[in-house]
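A.B. asks: Next one to model:
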Amino acid sequence: MNPSNVEQSTPLEVHVATDSSEEIDDQLAMLYLRTVDVPMNLTFIFTGTSKITAEQSLKEFTDTFEMHIPILENFRNVTLTTLGTYKHSGPQNPDYFLQIAPMDFYTGDNLEVNQKYILAGDFKSDSPSFNMDGSEAITMKFSEQGKLVDIPSSHMATMRFNEELLSKFTGPFNEYIVFTAFKLAFGRMHPKCPVAQKFAEGLVNPDVGRGVNYTSVMTIADNLGCHTAHRMPTDTGLNESNKYFKDIFGDDWKDSNGSLWKLSHINDALHWINVKATGNGDADLFAENGSEVFYSDFTVDTIPELLKPSWEYFKANASKLIECYNPVYDLFAGYVLVGFLKGESRVSHSVTEFHENIVKEF
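C.D. replies: Here you go, the predicted structure:
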């Protein structure tokens with residue numbers, strides 16, 4: 001069956017595995033797929049995260065976002081389920097499957113895909129993709145069938161908002177876009193996070209990974225006029241950064257990639273943003289915190305007291321920071337999926353093509 005020849009009245013069966021993570025990009029993809037003008041029946045499979053169960057993830061989505069998704073005139077069938085229920089519900093046979101979450105070691109024994117299995121991430125790479133964690137068996141299955149399409153993480157990382165795309169997201173979607181950008185600028189991955197040893201260093205050091213947090217913080221500092229963020233880190237800052245990495249890798253960890261300098265540089269930038277927010281040049285954000293970093297495990301309701309002035313300042317200047325918002329990895333993956341539904345490949349589309357096309361499809 002060629003999707004480009006399918007009559008518009010014939011909905012395709014599309015299944016999407018999502019952790020509906022607190023980083024918001026899953027939810028943006030889900031809104032897009034619920035509103036794009038392509039006939040489909042959708043099943044969203046909530047996988048859970050290292051912090052919350054699949055059931056909790058589904059409930060958080062329905063409580064926070066579901067009521068803000070418009071009901072289309074050509075209403076499509078939408079099913080919300082959990083991975084535990086899905087894999088014990090008998091044979092599953094969608095036309096397309098989109099994976100935008102780790103699969104928690106689900107092997108796909110009861111799953112057959114007619115057309116394509118689309119992975120948001122690299123199937124095989126020297127730099128491991130987050131969504132490949134616990135996904136080796138299921139991705140290998142569809143790779144061997146010639147149905148796997150993987151979207152390189154490095155390419156997805158280039159997909160960011162512009163003003164027109166951002167305007168498509170209102171209510172809690174917009175609020176969480178801004179909050180997520182703030183949280184991941186001011187908070188580092190917790191050392192006890194199950195994937196910290198794989199990803200934490202690469203988030204803060206572009207020489208190790210994609211350096212998303214480092215790039216965002218430096219751009220935020222520039223856009224807010226915090227040019228003093230470019231001074232060289234102090235010996236004290238380097239010592240503080242050393243503790244963070246040793247909490248992750250152990251006391252034997254040695255800095256061979258300049259990661260101490262990168263993290264200290266981040267902290268210095270955050271310090272000067274806080275000075276802008278408070279108007280207090282004597283305030284030492286990290287000394288007052290008693291720790292070399294804040295962790296990104298707070299919610300919009302549990303922002304640390306010391307960060308609240310910076311949060312209010314960040315929100316007040318949100319229009320200056322659009323380019324600093326997190327990459328829309330999963331929204332781009334959803335856009336690639338829709339391309340296949342329309343009979344075209346979008347895997348290699350540039351950010352300009354992405355912006356031009358997706359704003360017309362909501």
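A.B. asks: Residue 254: neighbour count?
C.D. replies: Per other CB atoms under 10 Å, the neighbour tally for residue 254 reads 9. Using the backbone N, CA and C atoms, a C-beta is placed for each residue, glycine as well.
A.B. asks: Look up how far residue 141 lies from the nearest residue to residue 131 once chain neighbours are set aside.
C.D. replies: Of all residues not flanking residue 131 in the chain, residue 121 sits nearest, at 4.1 Å (CB to CB, 6 or more residues apart in numbering). Computed as CB to CB, to the nearest Å, the residue 121 to residue 141 distance reads 16 Å.
A.B. asks: more crowded one of the two?
C.D. replies: residue 121 (23 against 18).
A.B. asks: Show the backbone phi and psi for the more buried one.
C.D. replies: The phi/psi pair for residue 121 (degrees, to the nearest 10) reads phi 150, psi 180.
A.B. asks: for this structure, which spans come out with low pLDDT?
C.D. replies: 1-9, 21-22, 72-75, 227-241, 289-290 (pLDDT under 70).
A.B. asks: quick check: longest helix of it.
C.D. replies: helix 259-278 (DSSP state H).
A.B. asks: before we move on, the earlier item: what sits against the residue nearest to residue 131?
C.D. replies: Applying CB atoms under 8 Å, 6 or more residues apart in numbering to residue 121 gives the contacts 99, 129-132, 150-153, 156.
A.B. asks: The same query, at a cut-off of 7 Å, please.
C.D. replies: 129-132, 150-151, 153 (CB atoms under 7 Å, 6 or more residues apart in numbering).
A.B. asks: of those, closest to residue 334?
C.D. replies: Within the contacts of residue 121, distances to residue 334 taken as CB to CB reach their minimum at residue 151, with 10.5 Å.
A.B. asks: Spit out the contact partners of residue 111.
C.D. replies: Taking CB under 7 Å, 6+ apart, we find residue 111 in contact with residue 92.
A.B. asks: about what we covered before: out of the contacts of residue 121, which is nearest to residue 203?
C.D. replies: residue 130 (10.5 Å).
A.B. asks: so who does that closest one touch?
C.D. replies: Neighbours of residue 130 in contact, by CB under 7 Å, 6+ apart: 102, 121, 195, 199.
A.B. asks: Quick check: of those residues, which lies closest to residue 88?
C.D. replies: residue 102 (19.0 Å).
A.B. asks: For that closest one, what are phi and psi?
C.D. replies: According to degrees, to the nearest 10, residue 102 has phi -60, psi 150.
A.B. asks: burial count for the residue nearest to it when sequence neighbours are not counted?
C.D. replies: Spatial nearest neighbour of residue 102, chain neighbours left out: residue 133 (4.4 Å); criterion: CB to CB, 6+ apart. Neighbourhood size, residue 133 [other CB under 10 Å]: 19.
A.B. asks: which residues does residue 45 bridge with?
C.D. replies: Residue 45 has these beta-bridge partners by DSSP bridges: residue 17, residue 81.
A.B. asks: hang on, it packs against residue 86?
C.D. replies: Yes. Between residue 45 and residue 86 there is a contact under CB atoms under 7 Å: 4.9 Å.
A.B. asks: Compare the two (neighbour count), which wins?
C.D. replies: residue 45 (27 against 22).
A.B. asks: got the residue ranges for the strands in the stretch 101-250 of the chain?
C.D. replies: Using DSSP state E, counting those that start in this stretch, the strands found in the stretch 101-250 of the chain span residues 116-120, 148-151, 187-188.
A.B. asks: Tell me which of those strands sits most buried.
C.D. replies: The highest mean neighbour count among the strands of the stretch 101-250 of the chain, using mean count of other CB atoms under 10 Å, belongs to strand 116-120: a mean of 25.
A.B. asks: Help me confirm that residue 43 comes into contact with residue 77.
C.D. replies: No. Counting by CB under 7 Å, residue 43 does not reach residue 77; the two are 8.7 Å apart.
A.B. asks: So those two - more neighbours on which side?
C.D. replies: Shown here are residue 43 and residue 77; by other CB under 10 Å, residue 43 has more neighbours (19 against 10).
A.B. asks: Render the CA-only coordinates of the host helix or strand of that one in PDB, please.
C.D. replies: Using DSSP states H and E, residue 43 sits in strand 40-46. Provided in PDB are the C-alpha atoms of strand 40-46 (Å, rounded to 0.1, in the frame of the first residue of the first chain):
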ATOM      1  CA  MET A  40      -5.300   8.800  10.700                       C
ATOM      2  CA  ASN A  41      -6.300   6.800  13.800                       C
ATOM      3  CA  LEU A  42      -3.800   7.500  16.600                       C
ATOM      4  CA  THR A  43      -2.700   5.400  19.500                       C
ATOM      5  CA  PHE A  44      -0.400   7.100  22.000                       C
ATOM      6  CA  ILE A  45       1.600   4.600  24.100                       C
ATOM      7  CA  PHE A  46       2.900   6.100  27.400                       C
END
